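Q: Just a sequence and a predicted model for now, questions to come.
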Amino acid sequence: MRNDQHLAINLRKKGASYNFIRKELGIPKSTLHYWFRDLQWSQVIKNELTKKAQRQATKRLRAVIQAQKKRWENQRKQYRGDARKEFSILKLNPLFLAGLMLYWGEGDSKIKNCVVKLANTDPEMIKIFSLFLQRICQVSKEEIKISLILYPDLNDEKCKIFWSKTSNIPIKQFVKTQFIEGRHPTKRLSYGICMIYHSSRKLKEKIFTWLRLYQNELKSSARVVQW
């Protein structure tokens, strides 16, 4: 038996990995595998090392996830802080209040999906909300998407042209139209339902913060009137 094989066996019995032995003795891993492949005690050590590596990997992954959660929460706190600073100025802007009230009544209420979305059949609502996104929220036109929900008897191209002119959003930014089976039994929708949206957790955090601040102001005003 080679001298270095004795040394390798001693290290292996102490729980050393192939990588450690290779670095210490300069023995290729293929040689180590050949020496130890039929030794039951070496297989036990291998299993223990594998479990240890898995535990360490799990621990590192948890640490990474926790660090990422903390970073995201700090970022969201910053978004909310920025929104509070902006509110005192923005609340004097009629377009800000109009867009905020539209979102309060018609907007997507799930903050975790990170989508700022409003759906309606009223062209004026869609027009105002498009202006709100662009002028108040500083969202570029290229970052705004439109999705339509139509009955089969409505012309897709005609509806897209109508809503494009209404929202001032190019047709190339319209996503695939959704069609509803049949016709509405009581109400005729000339151009279907328009959904205008922008994906941004930052903006959604801001809008939700603005809504809470405005609601608080309304409550304060109501108490003053009652008094």
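A: Cool, the structure landed.
Q: contacts, neighbours, all on C-alpha from now
A: Noted.
Q: Let me see the contact set for Ile126.
A: By CA atoms under 8 Å, 6 or more residues apart in numbering, the contact set of Ile126 is 118-120, 166-167, 194, 196.
Q: measure Phe174 to Glu157 for me?
A: In this structure, Phe174 and Glu157 are 11 Å apart, going by CA to CA, to the nearest Å.
Q: Between those two, which has more neighbouring residues?
A: Phe174 (18 against 10; other CA atoms under 10 Å).
Q: Name the member of the contacts of Ile126 with the most neighbours.
A: That'd be Ile196 among these, by other CA under 10 Å, with 25 neighbours.
Q: how about low-confidence regions in the chain?
A: Per-residue confidence for the chain (pLDDT under 70) gives these ranges: 1-3, 182-189, 222-227.
Q: Swap in 80 and give it another go.
A: 1-3, 6, 181-189, 221-227 (pLDDT under 80).
Q: What ranges does it have for its helices?
A: 3-13, 18-25, 29-36, 40-90, 94-106, 123-131, 156-167, 201-226 (DSSP state H).
Q: Next, the buried residues of the fifth one.
A: Read that as helix 94-106. 95-97, 99-100, 102-103 (16 or more other CA atoms under 10 Å).
Q: same check, this time on the last one
A: Neighbour counts over helix 201-226 (16+ other CA under 10 Å) mark 201-211, 213-214 as buried.
Q: How about the third one?
A: The neighbour-count criterion (16+ other CA under 10 Å) identifies 29, 32, 36 as the buried residues of helix 29-36.
Q: Could you do the first one as well?
A: Neighbour counts using 16+ other CA under 10 Å place 8-9, 11-12 of helix 3-13 among the buried residues.
Q: Give me the residues contacting stretch 213-221.
A: Contacts of stretch 213-221 (CA under 8 Å, 6+ apart): 84, 87.
Q: now that stretch, how far from the chain's geometric center?
A: Put simply, stretch 213-221 sits 30 Å off its chain's centre (CA atoms, centre = their mean, to the nearest Å).
Q: Just give me the residue right at the centre of the chain.
A: For the chain, the residue nearest the mean C-alpha position is Cys114 (5.3 Å; CA atoms, centre = their mean).
Q: what about the residue lying closest to that residue once chain neighbours are set aside, distance to Arg80?
A: Nearest residue to Cys114, sequence neighbours excluded (CA to CA, 6 or more residues apart in numbering): Arg201, at 4.3 Å. Going from Arg201 to Arg80 by CA to CA gives 11 Å.
Q: Tell me, domain by domain, which residues of the protein belong where.
A: 3-62, 83-226 (automatic domain parsing).
Q: Reformat the ones you listed as a markdown table; add distance to Asn74.
A: Formatted as a markdown table, the domains of the chain follow (distance: least, CA to CA, whole Å):
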| stretch | distance to Asn74 |
| --- | --- |
| domain 3-62 | 18 |
| domain 83-226 | 12 |
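Q: Which one of those domains lies nearest to Trp72?
A: Shortest distance between Trp72 and the domains of the chain, using CA to CA, is found for domain 83-226: 10.3 Å.
Q: Quick one: distance of the closest one to the chain centre.
A: On CA atoms, centre = their mean, the centre of domain 83-226 falls 19 Å from that of its chain.
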